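Participant: Generate a structure from the sequence data that follows.
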Amino acid sequence: MRIFRHYVEPALLALGLIELASFLACFYIGYFARYADLQMISSELRAHALPALVYASVMSASFLATGLYERAAVGDMRTVAIRMLAAFVLGFVVLAVLVYVFRGLDIWRSALVIAIPASAALALGIRRIFLWLVGRDAFRRRILVLGDAEGVARLRALEGALGLAPFRVVHTILSSEALGGANDEEHLLALCRAERIDEIVVATRERRGCLPVRALLRCRLAGVPVSEYETFFERQTGRVDLDWIRPGWLIFGEGFTQGSLDAFAKRLIDVSCAAVGLVFFAPLLLLAALLIKLEDGGPVLFRQIRVGRNGVPFSMLKLRSMRIDAERDGPRWAARDDRRITRIGRILRRTRIDELPQLINVLRGEMSFVGPRPERPEFVALIARELPLFSERHRVRPGLAGWAQLHHPYAASVEDTRTKLEYDIYYVKNWSLFLDLLILAQTLRVVVWGNGAR
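Facilitator: Sure thing, here's the model as predicted:
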């Protein structure tokens, strides 16, 4: 399912909506158990609809922020339980702040004492049922792959690599054999009906004279979706396959558009949130600056040239987390357990506090809240030789948070950068304010669980 150009898995969307409804129900259970007049149920439901919606929305947002709608996490009940505990703690804190700020919001703690445990029990039950249905392939699309040996192998590998894979390859036809009986207009359609195929994926590099065009057209007109490998891969993974994509797919496909109104709204959000963020985090920044100064007496801020929008370099600000002489031997990628990082710096990096001065870069217009992470010119020159599409990520402002940072650890090599570039190209191709908000909502789990910190 595509929402504002971003692909959303229908099963996870349905799970989210069901849990949202359950949170609404649990709020009313808590409220009715404590306060409501059962003789006036209809008026009571209407009178407290806003607090109920606030409660349900906060809890759903907390689930999203802690990664509970992440495909890799959904299938492990132990991970679900840990993250659910974090989500309810976060939700309670947010609700406490909202009640304090908006005094007219009728959300009582005594009602939450019932609503939150009820929500947790119901959510765990829903997750159990969801996993039971997943185990019976209730949400898996049945795929027929028509392609060369490499394309078939890639899709089978993808099926095995994806947690709770949303598809299953049930039949394959090699393109070298497809022009036989498969080119008969009815043969392929009959096979699809017999195997209950939900979608045909064409996965072959060479198409001229190798595809049963009439048979594929017959299936398409009969209601069986036919997809290219590139589009199918993008939809299932949230990235593009740089090893496979053709220039024509990028040229003639959808995406890579940004309206002036959207761009203005994005910039307005950036400026507003950066200004508020600098004021809100000022005490934390002062404390971090003091600790950095006490550790080794060196400078607090670290300025580094990075490549920004349209390839224009800028000076990116960070709290210094490495020794003063960290790059005496020249620039290099940070490594796991990097000895150049100071004791305070390790904490700052782990919690991403070292990134907070970049709010100034956002105010200046050099960065955005969401976008590909900016690289150093030395690394850009190196990477561009290996990855020709790397320059495409410079079409947008670099960001504090990014789609690639949600899905892949810190890039410590060209190969890591290649994988992150696949996510960055997806972001540039399918950008929308909805995707930006989704990334910001999920960035909390990167900070909490430490994804990508190094």
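
Participant: Past the longest helix belonging to the chain, which element shows up next along the chain?
Facilitator: Assignment by DSSP state H gives helix 109-135 as the longest helix of the chain. Next helix or strand after helix 109-135 toward the C-terminus (DSSP states H and E): strand 141-147.

Participant: Restrict that following strand to CA atoms and write it as PDB.
Facilitator: What follows is strand 141-147, C-alpha atoms only, in PDB (Å, rounded to 0.1, in the frame of the first residue of the first chain):
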ATOM      1  CA  ARG A 141       1.400 -12.700  -1.100                       C
ATOM      2  CA  ARG A 142       2.000 -15.700  -3.400                       C
ATOM      3  CA  ILE A 143       4.500 -14.700  -6.000                       C
ATOM      4  CA  LEU A 144       5.400 -16.100  -9.400                       C
ATOM      5  CA  VAL A 145       8.800 -15.100 -10.600                       C
ATOM      6  CA  LEU A 146       9.500 -14.900 -14.300                       C
ATOM      7  CA  GLY A 147      13.200 -14.200 -14.800                       C
END
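
Participant: on contacts alone, who are the packing partners of it?
Facilitator: Contacts defined by 3 or more Cβ pairs under 8 Å, 6 or more residues apart in numbering; DSSP states H and E place strand 141-147 against helix 149-161, strand 167-174, strand 199-203. Placement of C-beta: from N, CA and C, glycine included.

Participant: For the following helix or strand past the second one, buried residues please.
Facilitator: In other words, strand 167-174. Counting by DSSP H and E, the next helix or strand C-terminal to strand 167-174 is helix 185-194. The neighbour-count check on helix 185-194 (16 or more other Cβ atoms under 10 Å) flags E185, L188, L189, L191, C192 as buried.

Participant: Next, count neighbours for P388.
Facilitator: When counting by other Cβ atoms under 10 Å, one arrives at 10 neighbours for P388.

Participant: helices or strands up against the longest helix of the chain?
Facilitator: Judged by 3+ Cβ pairs under 8 Å, 6+ apart, helix 109-135 is in contact with helix 10-34, helix 49-65, helix 71-74, helix 77-101.

Participant: Next, the angle from it to helix 77-101.
Facilitator: 150 degrees (axes from the mean of the first three to the mean of the last three Cα atoms, to 10 degrees).

Participant: quick one: L437 and I269, what's the gap?
Facilitator: L437 sits 9 Å away from I269, going by Cβ to Cβ, to the nearest Å.

Participant: Between those two, which has more neighbouring residues?
Facilitator: It is I269, of L437 and I269, that has more neighbours when counted by other Cβ under 10 Å, with 17 against 13.

Participant: What is the burial count for the closest residue to the more buried one other than its chain neighbours?
Facilitator: Leaving aside its sequence neighbours, I269 sits nearest to F369 (Cβ to Cβ, 6 or more residues apart in numbering; 7.1 Å). Neighbours of F369 under the rule other Cβ under 10 Å: 22.

Participant: Okay, strands next: where are they in the stretch 201-350 of the chain?
Facilitator: 226-228, 301-307, 313-319 (DSSP state E, counting those that start in this stretch).

Participant: next one: the host helix or strand of the residue nearest to I269 to chain centre, how far?
Facilitator: Element membership of F369 [criterion: DSSP H and E] is strand 368-370. How far strand 368-370 lies from its chain's middle: 14 Å, per Cα atoms, centre = their mean, to the nearest Å.

Participant: Does that strand pack against any helices or strands, and if so which?
Facilitator: So strand 368-370, by 3+ Cβ pairs under 8 Å, 6+ apart, packs with helix 260-280, strand 399-401, helix 433-449.

Participant: Next, the angle from the last one to helix 49-65.
Facilitator: Meaning helix 433-449. Going by the same axes, to 10 degrees, helix 433-449 makes 60 degrees with helix 49-65.

Participant: Between helix 260-280 and helix 433-449, find me the angle.
Facilitator: 30 degrees.

Participant: gap between helix 433-449 and the chain center?
Facilitator: With Cα atoms, centre = their mean, you get 7 Å for helix 433-449.

Participant: which one of the buried residues of helix 185-194 sits closest to R71?
Facilitator: Nearest to R71, judged by Cβ to Cβ, of the buried residues of helix 185-194 is C192 at 26.6 Å.

Participant: just checking, the closest one touches I200?
Facilitator: Yes - assessed by Cβ atoms under 8 Å, C192 is found in contact with I200 at 7.1 Å.

Participant: Pull the contacting residues for the closest residue to E199 other than its chain neighbours.
Facilitator: Of all residues beyond its chain neighbours, the one nearest E199 is P225 (4.7 Å), with distances taken as Cβ to Cβ, 6+ apart. Contacts here follow Cβ atoms under 8 Å, 6 or more residues apart in numbering; on that basis P225 touches D198, E199, I200.

Participant: Phi first, then psi, for P225.
Facilitator: Note on P225: backbone dihedrals following degrees, to the nearest 10 are phi -60, psi 140.

Participant: any idea how far it is from S60?
Facilitator: From P225 to S60 the distance is 30 Å (Cβ to Cβ).

Participant: Please apply the same query to R208.
Facilitator: With distances taken as Cβ to Cβ, R208 is found 49 Å from S60.

Participant: Check L112 too.
Facilitator: 16 Å.

Participant: now A404
Facilitator: Remark: distance between A404 and S60 (Cβ to Cβ) = 25 Å.

Participant: And the pLDDT at G180?
Facilitator: Here, the pLDDT recorded for G180 equals 56.

Participant: Tell me where the model's unsure across the stretch 1-150 of the chain.
Facilitator: Scanning the stretch 1-150 of the chain for pLDDT under 70 picks out the ranges 34-40.

Participant: cool, the stretch 151-300 of the chain as well?
Facilitator: For the stretch 151-300 of the chain, residues meeting the criterion pLDDT under 70 lie at 178-184.

Participant: now the contacts of P225 as CSV including distance to I82?
Facilitator: Putting these into CSV (distance: Cβ to Cβ, whole Å) gives the following:
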residue, distance to I82
D198, 34
E199, 35
I200, 40
